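> Give me coordinates for this.
(chains A and B)
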Amino acid sequence: MIVPIGPIHPALKEPIRLKLQTEGEKVVKAEIEYGYVHRGIEKIIEGQTWQRGIYLSERVCGICSYEHTQTFAETIEQICGVIAPPRAQFLRVITNELDRIQSHFLGNSTFFKSMDHETLFMHVLELREYAMDAIELLTGNRVNMGWNVVGGVRMDADERHFKPILENLKKIEDGFEITREMFAEGPALALRCKDVGIMTKKEAIKGRAVGPIGRGSGIKYDYREDHYTYEDYFDFKTIWRKEGDNYARTLNRFDEIPESISLIRQAIDNIPKGDIRVPVELKSGYAMRKNEAPRGEVTYMIETNGNLIKHISIRTPSIPNMDSCAKYMIPNVASVSDAVSTYASSDPCVACAERVSITDENGDVELKNIDEVM
Amino acid sequence: MLNAIKDVVRKSSIHVCIVNCGGCNGCDVECVALLSPRYDLEQYGIYVHNNPREADVLLLTGAVTEQWTDNLKRVYDKAPEPKIVVSIGNCPISGDVFNQEGGHVHAPASNFIPVDAEVPGCPPRPSEILEAILAVGPQAIADRGREKK
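Just a heads-up that it's a prediction; the model follows:
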């Protein structure tokens, strides 16, 4: 029997259709149908200036909107041969890590909601509000920050901004330990998420899983290790686990939060004095840059023609994560409700994913499996 | 008498369904933030259920994409009477940044279903969304419940 879930469904916060093929209670196969939020954003950005492009790139995705603008700005900077001044790089690290904290809290809260654990859902969302407060204090907005420009950041920050951010981080740390312990050591929760939705390391490599989903399956890879700001100025360790089940993925997201808090503390303590923005002389050329978004690696490939963007291609982490979820995690889970929570544990972001549809010559839109395309 | 009791019941228990018809997710995230203990949606008798068949209020986010041109009306028809529609963000009003050359959106949403209240912003703050639901929700639901009789 085929059980369709979505596009509007109590368990999903974004429109997508999951088709689960079941034998009795057991789910044997899953398929994901995309296409509900395709807006053609890459086509819109083509032929615009970077000022419009960076605004549009923020609207690719609402949850990890910050990382898109930073990658966009860094790609144009690479084309023009400039690097943002150190103070701007430090300010970018602060906003980036705050965004990562709120995104990981949101991902985990969605997972707990899908398991019907209201208590943890509320605890995690309460902690997330402190991160949102810190973002609002620094940038002026809650979701779409508008913080990056090509050549630096938009505004300077000083002690008046850093002090409340540190206070909010303290509040997150106070509530964090007990929340994490409730999940990590709760026997009832562990029964529902340990050994459910297992993806081995081999399968994760085959499905190109990235971010906390790949790291939960044993791929020790975080693009921040290769980023010039983090390489030169910051110390952090990549969190990874071996199990590859729902428990590992969720705990991996939890454990990355203290690392992000420590990175923000390092940035605030050691922030250098100087300019926050350098003038950029626009050139034509092509560049590709990667960055570690909360959900994994995001890649921007931009070709410019003087001051206009000739072509842009965006690769977001959600497509490989969701496809490896459908292909490797969901098959052989015990029941339909476990399949839904497994889907939520892969932290899907549909708005990120909807940029490509594959059309055959007859004009029928057909969405294919990622293994057939690559 | 019966109508008065119905009014009280309808006003004090509002079920909400969020319909994302093709946005960037930002407004949906702010709707999820409404559930957090800080805003605590449920103290006003509002319950986010995400099931159109049980909904009194449809929260509409996103510019209407190709897939939603037919389906939006179908989702609206599935919600039982009396019902109201609150659109959140700039996208359902004008299409925002997506409504330009190269984009595949069919904004405004009011071309497809009747919209009762619009909350502009990209995205609006959670308190604004809550204010809009409370301002238009309970009274309109009660009034429309009487119209049908």
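
> For the one residue in chain A that gets nearest to chain B, list the residues it contacts.
Closest to chain B within chain A is residue A:62: 2.9 Å, counting by Cβ to the nearest Cβ. In this view, the C-beta of every residue, glycine as well, is placed from N, C-alpha and C. Going by Cβ atoms under 8 Å, 6 or more residues apart in numbering or on different chains, residue A:62 touches A:143-144, A:351, B:23-29, B:123.

> got the contact list for residue A:69?
Shown in contact with residue A:69 (Cβ under 8 Å, 6+ apart): A:54, A:57-58, A:145-148.

> before we move on, back to that, what is the nearest of the contacts of residue A:62 to residue A:277?
residue A:144 (19.7 Å; Cβ to Cβ).

> Which of the three states applies to that closest one?
coil (DSSP: H, G, I helix; E, B strand; the rest coil).

> Residue B:118 now?
Per three-state DSSP, the secondary structure class of residue B:118 is strand.

> Now the residue lying closest to it once chain neighbours are set aside. Its backbone dihedrals?
Residue nearest to residue B:118 in three dimensions, not counting chain neighbours: residue B:87, with 5.0 Å by Cβ to Cβ, 6 or more residues apart in numbering or on different chains. Note on residue B:87: backbone dihedrals following degrees, to the nearest 10 are phi -100, psi 140.

> Now the residue of chain A closest to chain B. Its backbone dihedrals?
Backbone torsions of residue A:62, given as degrees, to the nearest 10, read phi -90, psi -20.

> swap in residue A:32?
Recorded main-chain torsions at residue A:32 are phi -110, psi 130, according to degrees, to the nearest 10.

> on that earlier part again, need the contacts of residue A:69 in JSON lines with distance to chain B, neighbour count and secondary structure, can you?
Shown next, in JSON lines, are the contacts of residue A:69 (distance: Cβ to the nearest Cβ, whole Å; neighbours: other Cβ atoms under 10 Å in any protein chain shown; DSSP: H, G, I helix; E, B strand; the rest coil):
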{"residue": "A:54", "distance to chain B": "12", "neighbour count": "21", "secondary structure": "helix"}
{"residue": "A:57", "distance to chain B": "10", "neighbour count": "27", "secondary structure": "helix"}
{"residue": "A:58", "distance to chain B": "8", "neighbour count": "25", "secondary structure": "helix"}
{"residue": "A:145", "distance to chain B": "11", "neighbour count": "21", "secondary structure": "coil"}
{"residue": "A:146", "distance to chain B": "10", "neighbour count": "16", "secondary structure": "coil"}
{"residue": "A:147", "distance to chain B": "15", "neighbour count": "25", "secondary structure": "coil"}
{"residue": "A:148", "distance to chain B": "17", "neighbour count": "27", "secondary structure": "strand"}
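
> what's the longest strand in chain B?
strand B:14-20 (DSSP state E).

> Mean confidence (pLDDT) on that strand, please.
Averaging pLDDT along strand B:14-20 gives 89.

> Kindly report the same for stretch B:125-136.
pLDDT averaged over stretch B:125-136 gives 89.

> Just the buried residues of that stretch, please?
B:125-126, B:129-130, B:132-133, B:136 (16 or more other Cβ atoms under 10 Å in any protein chain shown).

> hmm, back to that, let's see which of the contacts of residue A:62 end up in strands.
Per DSSP E, those never map to strands.

> Tell me the one of the residues you listed nearest residue A:209?
residue A:351 (19.4 Å).
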